[in-house]
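Engineer: can't give you the sequence, but here's the structure:
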Ligand SMILES: Nc1ncnc2c1ncn2[C@@H]1O[C@H](COP(=O)(O)OP(=O)(O)OP(=O)(O)O)[C@@H](O)[C@H]1O
Ligand SMILES: [Mg+2]
């Protein structure tokens, strides 16, 4: 293949990665932004989403499209429920203390991984893509499903943005993020907002995971890379800035995908990390970070 | 209207308020005075339920809201203008107003009334709150609280850091609210402003409520101020 088409292929691959990363990182950014919690278990929620998606598709067996659709609905809801339980039973009891919650979510990560290993096992298993049509370009054919992933991610990001900026619930979330005490003085149920945001952040990771399982198989250790990349994205984007997070996800996802195609995934991670270090030297608060934290 | 009875409030293990009591009446202005760190802000936070008193009662409309969730105070019509304004400065003026309206499910009529009261906010409606001038920010903080259509208004040092013209404007606003029958609790350090606006003055010392004095009396015997505040006027 010539360089041009090859670059196009690499860019498409990068865009798919960026699409999933944007969803996952946005979940992490919301939880950090609103609750000031560094959720180390975020990758475990991602993995849990993928495994539940496989489980739903496997049990249902009503044809790949319906299986997938059911997984896309059930897996995020189930993960959201797990997140709510964790939030109510652990994080809330710790008073959302920044240090203690890091330790608690590390514990949660191990618990979820161990439960996944004991129930789902150590194997990697795929979910069949809902459609298997290929888009035939002049130089190569490309998976129509992957294009769908990009489209779905953009649609979800737009919906989240709309919800945050145009609805009352979004306004309550942003008020809680900026000043939770004053929010309470204006009857905003900060407790409910916290529970909701934590669950919603986990659900975004789960949606990303369901989108990814037809491309990459479900495995109980698959949460590590998304977690680390999401951390990088959230820090580069400027802690708590959702715009910055999405922009950083696109940049890092694209470059990660392109370098992985041309060279190796490991080199891609090394370059991404170095680039991040450079950005943080120039702009210590990230691309869109304004307020000192 | 609003009665605080013998509350004891803590930050973690440190007790700040001891058997603190006050009462606010409709259409009257109660000024709260005391030295820095005396506990004035803590009194207002305890009323709002932002700090939950370990004991004592905060009674509004016959309900003791002290043991309830923080949402109860605004739902019962207690509006709060915090010290340092505490606007949602990243949000627009419109959003700050909206948050006030949501607190008690107030309608558009309340919003229009509040904006008529502070026309400058209408001009700046879609601007980020953080970009307003200090005086405008204080107007917005008061407007946000008025969006609850409050029966009790708590103001914590609203004149702090403002220019004289703005201070006078805030005085007018308070008197206007008073004439509408709102019970006002005003924490204020400026003696001249207090003597002009207050109906009664409550002195706070080391987290305890000392005497409540009619403003008339204070105007005649300003020596009292010296006793509690260590200032001579
Ligand atoms: N968040 C907090 N944690 C611990 N102690 C606090 C906290 N806030 C206030 N305090 C302490 O409680 C006491 C009363 O504080 P408060 O803010 O109520 O005083 P104040 O009368 O409003 O003072 P000022 O005139 O400076 O506003 C002070 O000794 C203060 O150090
Ligand atoms: Mg104070």
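Structural biologist: Looks like it came in fine. Quick caveat, the model's predicted, so the values are computed rather than measured. Residues are numbered from 1 along each chain as shown, chains lettered A, B, ... in the order given. Ligands and ions are numbered 1, 2, ... in the order given.
Engineer: show me the helices in chain B, by range?
Structural biologist: B:40-48, B:72-75, B:93-104, B:108-117, B:119-123, B:134-146, B:164-179, B:191-197, B:215-220, B:223-229 (DSSP state H).
Engineer: in CSV: those helices, plus mean neighbour count and mean pLDDT.
Structural biologist: In this view, the C-beta of every residue, glycine as well, is placed from N, C-alpha and C. Output for those, formatted as CSV (neighbours: other Cβ atoms under 10 Å in any protein chain shown; pLDDT from 0 to 100):
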stretch, mean neighbour count, mean pLDDT
helix B:40-48, 24, 98
helix B:72-75, 22, 96
helix B:93-104, 22, 97
helix B:108-117, 14, 96
helix B:119-123, 14, 96
helix B:134-146, 23, 97
helix B:164-179, 16, 94
helix B:191-197, 17, 90
helix B:215-220, 14, 90
helix B:223-229, 15, 81
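Engineer: export those helices to JSON lines and append columns for distance to ligand 2.
Structural biologist: Shown next, in JSON lines, are those (distance: least, Cβ to the ion, whole Å):
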{"stretch": "helix B:40-48", "distance to ligand 2": "3"}
{"stretch": "helix B:72-75", "distance to ligand 2": "18"}
{"stretch": "helix B:93-104", "distance to ligand 2": "21"}
{"stretch": "helix B:108-117", "distance to ligand 2": "25"}
{"stretch": "helix B:119-123", "distance to ligand 2": "25"}
{"stretch": "helix B:134-146", "distance to ligand 2": "14"}
{"stretch": "helix B:164-179", "distance to ligand 2": "17"}
{"stretch": "helix B:191-197", "distance to ligand 2": "15"}
{"stretch": "helix B:215-220", "distance to ligand 2": "21"}
{"stretch": "helix B:223-229", "distance to ligand 2": "14"}
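Engineer: count the residues that sit near residue 67.
Structural biologist: Chain wasn't specified; assuming chain A. 21 (other Cβ atoms under 10 Å in any protein chain shown).
Engineer: wait, I meant chain B there
Structural biologist: If you count neighbours by other Cβ under 10 Å, residue B:67 ends up with 12.
Engineer: now it, nearest residue through space, not along the chain?
Structural biologist: Excluding the flanking residues, the one nearest residue B:67 by Cβ to Cβ, 6 or more residues apart in numbering or on different chains is residue B:52, at 7.4 Å.
Engineer: contacts only, for that neighbour.
Structural biologist: Neighbouring residues of residue B:52 by Cβ atoms under 8 Å, 6 or more residues apart in numbering or on different chains: B:46, B:66, B:67.
Engineer: and what of residue B:214?
Structural biologist: By Cβ under 8 Å, 6+ apart, the neighbours of residue B:214 are B:199, B:200.
Engineer: so what's the residue count around residue A:248?
Structural biologist: Using other Cβ under 10 Å, residue A:248 is surrounded by 29 other residues.
Engineer: and what of residue B:35?
Structural biologist: 16.
Engineer: distance of it relative to residue A:126?
Structural biologist: 70 Å (Cβ to Cβ, to the nearest Å).
Engineer: what's the answer for residue A:51, then?
Structural biologist: Computed as Cβ to Cβ, the residue A:51 to residue A:126 distance reads 12 Å.
Engineer: what touches both of those two?
Structural biologist: Contact criterion Cβ under 8 Å, 6+ apart; residues shared by residue A:51 and residue A:126: residue A:218.
Engineer: who has more neighbours, these two?
Structural biologist: For residue A:51 versus residue A:126, the count of surrounding residues by other Cβ under 10 Å is larger for residue A:51: 27 against 13.
Engineer: would you list the phi and psi of whichever residue of the stretch 1-150 of chain A sits closest to ligand 1?
Structural biologist: In the stretch 1-150 of chain A, the residue that lies nearest ligand 1 is residue A:95 (13.6 Å; Cβ to the nearest ligand atom). The phi/psi pair for residue A:95 (degrees, to the nearest 10) reads phi 60, psi 30.
Engineer: and chain B, what are its domain boundaries?
Structural biologist: For chain B, automatic domain parsing gives the domain ranges B:1-77+B:152-233, B:84-149.
Engineer: how about the contacts made by residue A:57?
Structural biologist: A:64, A:67, A:68, A:70, A:71, A:127, A:128.
Engineer: can you pull the buried residues of the helix or strand that it is a member of?
Structural biologist: Assigned by DSSP states H and E, residue A:57 belongs to helix A:42-60. Neighbour-count burial for helix A:42-60, with 16 or more other Cβ atoms under 10 Å in any protein chain shown as criterion, is recorded at A:42-57.
Engineer: ok, so of those residues, who is nearest ligand 2?
Structural biologist: residue A:42 (38.8 Å; Cβ to the ion).
Engineer: ok, for that closest one, nearest residue in space, not its chain neighbours?
Structural biologist: Closest residue in space to residue A:42, ignoring its immediate chain neighbours: residue A:28 at 4.9 Å, by Cβ to Cβ, 6+ apart.
Engineer: how about residue A:77?
Structural biologist: Distance criterion Cβ to Cβ, 6+ apart; nearest residue to residue A:77, sequence neighbours excluded, is residue A:203 at 7.5 Å.
Engineer: next, the angle from the longest helix seen in chain A to helix A:42-60.
Structural biologist: Determined from DSSP H, the single longest helix within chain A is helix A:3-35. Interaxial angle of helix A:3-35 relative to helix A:42-60 (axes from the mean of the first three to the mean of the last three Cα atoms, to 10 degrees): 110 degrees.
Engineer: helix A:3-35: how far from the chain's middle?
Structural biologist: 9 Å (Cα atoms, centre = their mean, to the nearest Å).
Engineer: check which helices and strands it is in contact with.
Structural biologist: Here helix A:3-35 touches helix A:42-60, helix A:144-166, helix A:168-178, helix A:190-212, helix A:224-237, helix A:242-262, going by 3 or more Cβ pairs under 8 Å, 6 or more residues apart in numbering or on different chains; DSSP states H and E.
Engineer: could I get the buried residue list for the last one?
Structural biologist: When you say that, I think you mean helix A:242-262. By neighbour count on 16+ other Cβ under 10 Å, the buried set for helix A:242-262 is A:242, A:244-261.
Engineer: do the third one as well
Structural biologist: Going by neighbour count (16+ other Cβ under 10 Å), the buried part of helix A:168-178 is A:170, A:171, A:172, A:173, A:174, A:175, A:176, A:177, A:178.
Engineer: can you tell me the residue of the stretch 1-150 of chain A closest to ligand 2?
Structural biologist: The stretch 1-150 of chain A approaches ligand 2 most closely through residue A:95 (23.6 Å), counting by Cβ to the ion.
Engineer: sorry, that was for chain A
Structural biologist: As assessed by Cβ to the ion, ligand 2 sits closest to residue A:181 within chain A, at 13.8 Å.
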